[in-house]
Structure formats: C-alpha cells, structure tokens
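A.B. asks: Model the following, please.
(one chain, ligands or ions: 2)
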Amino acid sequence: MKERIVSGMRPTGKLHLGHYLGVIQNWVELQHKYDSFFFVADWHALTTKYDKTESLRDDVIDVAIDWLASGIDPEISTVYVQSMVPEIAELNVYLGMITPQNWVERDPCLKDMVKILRTKDGQDSQMSYGLLGYPVLMSADIMMMNATHVPVGIDQVAHIEITRDIARRFNHIYKEEFFNEPKPLLNHCSLICGLDGNKMGKSFQNDIKISDTEEVTAKKIMTAITDRSRLRKTDLGHPDECEVAFKYWEIFGTKEQIEKVRFECEKGERGCADCKRQLGALINEKFAPIREKRRYYENHIDEVKDILNEGSKKARIEAQKILTEVRRLVKMY
Ligand code: TRP
Ligand code: SF4
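C.D. replies: Ligands and ions are numbered 1, 2, ... in the order given. As a prediction, this is how the structure comes out:
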C-alpha cells in the first residue's frame, strides 16, 4: 500500500514564485510516489479574515488554477476544497475535545500569526476561538485522510508536531492504534527571497506571481537588488554580495550559466541592467509552459470547478470511511 500525503494552502489569491519553489514543485514530484490529497484551506482563511470574504471564492479558484498549471494532476492526486468536505468539521469537534488548551496556546506558529494580526488590526484585536483552534483544524485536515506524511514548509512544522501529539493522544484515549502519527516532509530547495531581499510575500509587494505576464516579470526583475557597492559596469562586481539578482541566477540558472555570470561580474564585464534583462528572460522561459496552461484554465473556469467538485467527492468518500471508525471508537450513535 502506498503511503499517503495531505497538504493544503490558504486561499490567499494568486500565488508567487516562493509558493511554487517552496511547496508546489515538491507536491508535483511527490504525487507520483504517494497517494496524494491537496486541498484549499478556505476555513483556515476565516480564522483571520472572517470579515473579508468578498473575494474568497475567486481566491480558491485562483489557487487551484496555479496548482493545476504547475503540474498537479487531478488524475493522480485528489484536489479539493476543505469546506466541501464537511466531515473535517466533525472530526475537528472530536479532536478539539481531547486537545489540552495549553498545547494550542504554546504553538509558536500561532503566536506569530497573532503578532501579525495585532500589528495589522491594532493592539486590541482579539484572538478568536476559531484562530486558537487553527492547529486542531489542521490536525483534522491531516487525520481525516489518516495521512502518513505532510509536505510543508519549515514554518509549518510546529503545527505538525501538535498533530502528532493529538493523534497519539487519540489512540491512547480510545485504546486503538488507529491514527498514524504523520511526519513532516520538508523539501530541500533553497528559499527564494523577495525582490527587495526580504521574505517574498504578497503583502510586501516584493513578489513575482506565477500569473504575472512576461512584461511584468521583466519589469519587476529590473528592480531586484544587486551588489550595492557597484555603480558602473566596469566596477568589479561581487556576486556573493549581490543580494537578490545573483541568488535568483543560482536558483534558475544552469551550472554553466551561473559560472559565466560570476566570472563576467567579477571581471567587470557584465552590467547589472543587462544581467537582469537576461535573468528576466530566463525566468520567463522557465514559466512559459506553466503560464500557458494557466491561461487555458482561466478561460475554462468550469473545468476547474468540475475538478474541485469531483476531487471533493472523492475526498468525502475517504473521509466518511475514517469518520465511521472514529465514531465507533468514540462511541457515538
Ligand atoms: N496552515 C497551512 C498554511 O498556512 C495551510 C494548511 C491548513 C495545511 N491545513 C493544512 C497544510 C494541513 C498542511 C496540512 O500554509
Ligand atoms: Fe549581480 Fe549581475 Fe550585477 Fe553581478 S552583474 S552584481 S550578478 S546583477
């Protein structure tokens, strides 16, 4: 029997290259090796944006389109929407009952989220009961499919630790080794920073979207930070101090390309503007097939909705099997 992965993303709208390199690319590879479930976590979006839901439906579709365009194959993987699998909410109730309050209060990921919320919405913005339950709901997502592994970024690992604790506690309380203790599956690709050298993020306006046009991408790349000590093309450059542009070369270039850039930069034979023009072209070349596929899905939204409907049906069948056992173990009627 194949081992099983579950992973999800909040519907934050159109995804950027950080999502692609950090998460999606990993999923695309893993889907051939594991029985795979990928879902859009629209309930998790409500934990912080319950009062800003105007674009939520469109955001769900946008995330799904980015996944499909990037190579998530709905023939191999089950692609679904969290709120379309209501069994998860029931499991969330059972897991909430057995989770000690201090386990969720200690969650460092949650502490970070609250900090961000406070700085955005003001000092007195309260943590809701739902937000406090974020890691429990996430555990329900994962345990709903009884996953063995969860492919996530390093920032999510503390959540997965709680899931393992909750799974162990469930098995202990209801006296059966029913749930797996799912392990995080980290990917080892280098993190891509934003154009300004900080973490790439939508709200920092330093990101390149998968969905950006070639023109927009080229323009954005021209704003990437380079070696700050360099004023003229003939100044000798320091690729290792070229904070963003050279890092991007190292991510997207071949070994030969990277060596050539380094050599010419250090000898003062390469201007930064030219260098970034080439870099933009390289990135556009790499994403051309993904963007073409993306345009196809943008023009066939009904097909995307069908995929999510079908995937959610498949996920529910799996979820109902697990839930039947859970109800039996907890002694529900
Ligand atoms: N918290 C995750 C994020 O912000 C999204 C998520 C929700 C998730 N449920 C999950 C990830 C279950 C993995 C497994 O990216
Ligand atoms: Fe960076 Fe390229 Fe300029 Fe060298 S030439 S500093 S690698 S942008």
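A.B. asks: where in the chain is pLDDT low?
C.D. replies: Counting by pLDDT under 70, the chain contains low-confidence residues at 121-125, 190.
A.B. asks: May I have the secondary structure class of the residue with the largest distance to the centre of it?
C.D. replies: For the chain, the residue at maximal distance from the C-alpha centroid (CA atoms, centre = their mean) is T234, at 41.2 Å. Of the three states, T234 takes coil according to DSSP: H, G, I helix; E, B strand; the rest coil.
A.B. asks: I'd say it and R270 touch.
C.D. replies: No: the pair T234 / R270 is not scored as a contact, 10.1 Å apart, by CB atoms under 8 Å. C-beta: built from backbone N, CA, C; applies to glycine.
A.B. asks: Tell me where the longest helix sits in the protein.
C.D. replies: When the chain is parsed with DSSP state H, its longest helix is helix 301-330.
A.B. asks: helices and strands around that one, which ones?
C.D. replies: strand 35-40, helix 56-70, strand 78-81, helix 87-98, helix 134-144 (3 or more CB pairs under 8 Å, 6 or more residues apart in numbering; DSSP states H and E).
A.B. asks: Distance to F179 and mean neighbour count for the ones you listed - can I get that in CSV?
C.D. replies: Putting the helices and strands packed on helix 301-330 into CSV (distance: least, CB to CB, whole Å; neighbours: other CB atoms under 10 Å) gives the following:
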stretch, distance to F179, mean neighbour count
strand 35-40, 15, 25
helix 56-70, 27, 21
strand 78-81, 19, 24
helix 87-98, 10, 18
helix 134-144, 5, 26
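A.B. asks: Flag every residue of the stretch 101-250 of the chain that's near ligand 2.
C.D. replies: Contact residues, the stretch 101-250 of the chain versus ligand 2 (CB under 6 Å from any ligand atom): 226-227, 230, 237, 239, 242, 245-246.
A.B. asks: out of the residues you listed, who's nearest E266?
C.D. replies: Lowest distance from E266 to these (CB to CB) belongs to G237, with 6.0 Å.
A.B. asks: Which of the three states applies to the closest one?
C.D. replies: For G237, the secondary-structure state derived from three-state DSSP is coil.
A.B. asks: Spatially, what comes nearest to it if we skip its sequence neighbours?
C.D. replies: Spatial nearest neighbour of G237, excluding adjacent residues (CB to CB, 6 or more residues apart in numbering): C265 at 3.7 Å.
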